[in-house]
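**Student:** how does the following fold in three dimensions:
(one chain, ligands or ions: 1)
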Amino acid sequence: MAYYVGVDLGATNVRSVVADDEGEILGQARDGTPRGPTGIAVTEAVLGVVRRACAEAGIDPSEAVACGIGAIGPLDLAEGAVENPANLPDTIDRIPLTGPLSVLLDTDNVYLHNDTNAGVIGERFHSDRNPDDMVYLTISSGVGAGVCVDGHVLAGWDGNAGEVGHMTLDPHGFMTCGCGHDGHWEGYCSGNNIPKYARELHQEDPVETALPIDDPDFSAVDVFEHAGDDEFADHVVDQVGHWNAMGVANIVHAYAPLIIYVGGAVALNNPELILEPIREQMSDMVMSNIPEIQLTTLGDEVVVEGALASAMTAGTGDRSRL
Ligand SMILES: [Zn+2]
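**Tutor:** A predicted model of the protein is given here:
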């Protein structure tokens, strides 16, 4: 029997699963992602959940034949590490992953991906047609994509291909993105930025609204909850839908996917309000073939499932590699 390990290193949680060669999950473990003191503490937490998942599966870590990791970015692929992660405290500069996991699992078959690339590997693996050309788009606290073209999951030299949330969509730069640049897709449409965007729109045109615009806890959830009964909330949802459609149209023109799976909390919690406006505007924006646009089939499990699928298919999600 061959055993495979999948790891999801997020800004909030670290998870690991252990499966057999049929992909059946035999053990799993989870822990909070340490906030410091340094990246080594995060590495140790990853090793800890992998050890616990192996124990639950009843195997020694050295019995695993391969491991896939889906991690927060940015990555240093050559070093097999996360480098200065944006969503963890500044004292965490480097999180070594590939080396320490190779030692623990006694294998060189350790595949490191950013979380959206793990997502596209998982969707590819679990999709009926095992497509060679597809995109996994996440709309959550950030916006990003994992892209598979002609059977290759695109990583880029440093592992950071697919940062589509930082494409400039608005030449006027009405909103500033968390990365510091103006007019980026994520600055309008991520879960963190939707309330900021709503506030800016409201300042331009202070119409009456039931949205708690001035409440410090005002969030994207409020906007979507009021959609349908509040004109201003509808306006925000329409604007967000328009930027999302523009971003997706750019992805279609750049990569020619057959299918785009959309995940991330904003999409998972509001599938119709997020997906419908994108589908509706495709024919107005796209000059080439329009792909299918669907909600992820793997929900919150997409990154850890993708990491496991990567371990089972040598980093590809291609089922012919099983
Ligand atoms: Zn940006």
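**Student:** can you give me how far the helix or strand Tyr261 falls within is from the chain middle?
**Tutor:** Tyr261 belongs to strand 259-263 when assigned by DSSP states H and E. Relative to its parent chain, strand 259-263 has a centroid offset of 11 Å by C-alpha atoms, centre = their mean, to the nearest Å.
**Student:** go on, stretch 18-34?
**Tutor:** With C-alpha atoms, centre = their mean, you get 19 Å for stretch 18-34.
**Student:** what of stretch 29-41?
**Tutor:** 20 Å.
**Student:** what about it, how long is it end to end?
**Tutor:** 17 Å (C-alpha to C-alpha, to the nearest Å).
**Student:** tell me which residues in it are buried?
**Tutor:** Ala29, Thr33, Pro34, Gly39 (16 or more other C-beta atoms under 10 Å). To be clear about C-beta, it is placed using only N, CA and C from the backbone, and glycine gets the same treatment.
**Student:** which residues are contacting stretch 212-232?
**Tutor:** 191-192, 194-195, 198-199, 201-202, 207-211, 233-234, 236-237, 266, 269-270, 273 (C-beta atoms under 8 Å, 6 or more residues apart in numbering).
**Student:** residues in contact with the closest residue to Ile260 other than its chain neighbours?
**Tutor:** Excluding the flanking residues, the one nearest Ile260 by C-beta to C-beta, 6 or more residues apart in numbering is Val135, at 4.6 Å. Residues near Val135 by C-beta under 8 Å, 6+ apart: Val120, Ala145, Gly146, Val147, Cys148, Ile251, Tyr255, Pro257, Ile259, Ile260, Tyr261, Pro291.
**Student:** helices along the stretch 51-200 of the chain, start to end?
**Tutor:** Under the criterion DSSP state H, counting those that start in this stretch, the stretch 51-200 of the chain carries helices at the ranges 98-105, 115-126, 186-189, 194-204.
**Student:** in helices, which of the buried residues of stretch 29-41 fall?
**Tutor:** Gly39 (DSSP state H).
**Student:** which among the buried residues of stretch 29-41 gets closest to the ion?
**Tutor:** For those, the residue nearest the ion by C-beta to the ion is Thr33; the value is 22.7 Å.
**Student:** for Thr176, see how far away the residue nearest to Ile260 is.
**Tutor:** Relative to Thr176, Val135 is positioned 26 Å away (C-beta to C-beta, to the nearest Å).
**Student:** ok, now Leu154?
**Tutor:** 27 Å.
**Student:** roughly how far does Leu88 sit from Gly306?
**Tutor:** 21 Å.
**Student:** more crowded one of those two?
**Tutor:** Neighbours were counted for Leu88 and for Gly306 using other C-beta atoms under 10 Å; Gly306 has more, 33 against 20.
**Student:** wasn't that one part of a helix?
**Tutor:** Yes - according to DSSP: H, G, I helix; E, B strand; the rest coil, the state of Gly306 is that of a helix.
**Student:** so who does it touch?
**Tutor:** So Gly306 contacts 6, 68, 70, 113, 117-123, 125, 146, 298, 317 (C-beta under 8 Å, 6+ apart).
**Student:** need the buried ones from these selected in PyMOL.
**Tutor:** In PyMOL syntax, the buried subset of those is picked out as below (16+ other C-beta under 10 Å):
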select buried, resi 6+68+70+113+117+118+119+120+121+122+123+125+146+298+317
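**Student:** let me know the closest of the contacts of Gly306 to Asp106.
**Tutor:** Gly68 (16.3 Å; C-beta to C-beta).
**Student:** dump the residue contacts of the residue nearest to the closest one when sequence neighbours are not counted.
**Tutor:** Closest residue to Gly68 apart from its sequence neighbours, by C-beta to C-beta, 6+ apart: Ser310 at 3.0 Å. By C-beta under 8 Å, 6+ apart, the contact list for Ser310 reads Gly6, Gly68, Ile69, Gly70, Tyr111, His113, Ala118, Ile121, Thr316, Gly317.
**Student:** tell me how many other residues surround the residue in the stretch 201-322 of the chain that the ion sits nearest to.
**Tutor:** Across the stretch 201-322 of the chain, the shortest distance to the ion (C-beta to the ion) belongs to Gly247, at 12.0 Å. Number of residues near Gly247 (other C-beta under 10 Å) recorded here: 24.
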